[in-house]
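[1] the sequence and its predicted three-dimensional model are supplied below.
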Amino acid sequence: MSDFLKKLSVRSPWLFRINAGSCNGCDVELATTAFIPRYDVERLGCRYCGSPRHADIVLITGPLTARVKDKVLRVWEEIPNPKITVAVGICAVTCGVFRDGYSIKGPIDRYLPVDVNVPGCPPRPQAIMEAVLIAKKLWMQKLGVEE
Ligand code: SF4
């Protein structure tokens, strides 16, 4: 199969969001990339989906609290390979001001391989969009199709 046909045969990556104990600030910014026409992640050939089993790229917010840790890891396992993991917000990247808190188990890269980090508290929608583009490129490389 030619490279062009191989590229055409690849569907769009679907995005899934996991809240790992976020304050919701990062989730509001994620929502703007989904629902606000000014950003509109579907322009990048991606779309949000409601099930981890349909997802290709997972965006995780929050510092991974003890309360949700096992659930987050279980949902992440349900996402089929090849998958790309994006840590959204400084809480997901380093735990930020919550680091070493009694109820904090993160950062998430203690438990999961993180492919893309998006620092910021919360990160701007433009930074999230840029991370999605990088994640899409990595996902296509994992599938053996260069973008
Ligand atoms: S990075 Fe900031 S906005 Fe995002 S979950 Fe942490 S405290 Fe909230």
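    Received the coordinates, thanks. Residues are numbered from 1 along each chain as shown.

[2] what about Ala31, neighbour count?
    15 (other C-beta atoms under 10 Å). For glycine as for every other residue, the C-beta is placed from the backbone atoms N, C-alpha and C.

[3] tell me which residue in the protein sits closest to the ligand.
    Gly25 (2.6 Å; C-beta to the nearest ligand atom).

[4] residue contacts, Leu112?
    60, 73, 76, 85 (C-beta atoms under 8 Å, 6 or more residues apart in numbering).

[5] what sits closest to the residue of the chain closest to the ligand if chain neighbours are left out?
    Pro122 (4.2 Å; C-beta to C-beta, 6 or more residues apart in numbering).

[6] roughly how far apart are that neighbour and Arg53?
    27 Å (C-beta to C-beta, to the nearest Å).

[7] counting neighbours, go ahead and name the busier of these two.
    Shown here are Pro122 and Arg53; by other C-beta under 10 Å, Pro122 has more neighbours (22 against 10).

[8] most widely separated two among the contacts of Leu112?
    Farthest pair in the contacts of Leu112 (C-beta to C-beta) is Leu73 and Thr85. Separation: 11.7 Å.

[9] residues touching the residue of the chain closest to the ligand, list them.
    Here Gly25 is in contact with 89, 121-122 (criterion: C-beta under 8 Å, 6+ apart).

[10] can you redo these as JSON lines with distance to the ligand?
    Shown next, in JSON lines, are the contacts of Gly25 (distance: C-beta to the nearest ligand atom, whole Å):
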{"residue": "Gly89", "distance to the ligand": "3"}
{"residue": "Cys121", "distance to the ligand": "3"}
{"residue": "Pro122", "distance to the ligand": "4"}
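
[11] and the residues you listed as a markdown table, adding pLDDT and secondary structure?
    Output for the contacts of Gly25, formatted as a markdown table (pLDDT from 0 to 100; DSSP: H, G, I helix; E, B strand; the rest coil):
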| residue | pLDDT | secondary structure |
| --- | --- | --- |
| Gly89 | 97 | coil |
| Cys121 | 96 | coil |
| Pro122 | 96 | coil |
